[in-house]
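Asker: Sequence first, predicted coordinates after that:
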Amino acid sequence: MKGLYILLAAIIFTSCQHQSKEDVNKAKQASIDSMKVEINKQRVIDSMKTEMAKIKEEQKVESQKVVVVQQPANGQTTTTTTTTKKKGWSATAKGAVIGAGVGAATGAIVSKKKGEGAIIGGLAGAALGTGTGAVIDSKNKKKE
């Protein structure tokens, strides 16, 4: 009987050790998953910053002044300086980009399958952002 108690105690002791190893592995995996989510969010933020920098650079180039020199028949030179106005992004495009970024980040955070959640969230966010931006564009056209 003592042998049975010792065997039972040994089994319980080893099963408890196995359980703690599983808990440690689950905690490690949870840490890795949260780090992956943060990395994905930072990628989205960095890509948005890159795109905004490109847009600002294009705005600088397009907003430069254009100088036109005209010479009438009397020999005098007249110079006309005009500035070009950049149209920029429409509210629809801005809404789509912002919606895709926010949707992808939210989908990656909420979903258990991070990649699928990010894709689905990005698509849904882009769709909602496009719709919202289109409404804003139509209101702006009515004001003009």
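Answerer: Arrived safely, thanks for sending.

Asker: Low-confidence bits of the chain, can you list those?
Answerer: Within the chain, the ranges that satisfy pLDDT under 70 run 13-20, 62-87, 144.

Asker: what are the ranges of the helices in it?
Answerer: For the chain, the helices defined by DSSP state H cover 2-62, 91-110, 114-143.

Asker: tell me what the last one is packed against?
Answerer: If I follow you right, that is helix 114-143. Where contact means 3 or more Cβ pairs under 8 Å, 6 or more residues apart in numbering; DSSP states H and E, helix 114-143 is packed against helix 2-62, helix 91-110. C-betas here are computed from N, CA, C, even on glycine.

Asker: could these be laid out in JSON lines, adding mean neighbour count and distance to residue 119?
Answerer: Listed next are the helices and strands packed on helix 114-143 as JSON lines, based on neighbours: other Cβ atoms under 10 Å; distance: least, Cβ to Cβ, whole Å:
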{"stretch": "helix 2-62", "mean neighbour count": "11", "distance to residue 119": "11"}
{"stretch": "helix 91-110", "mean neighbour count": "20", "distance to residue 119": "7"}
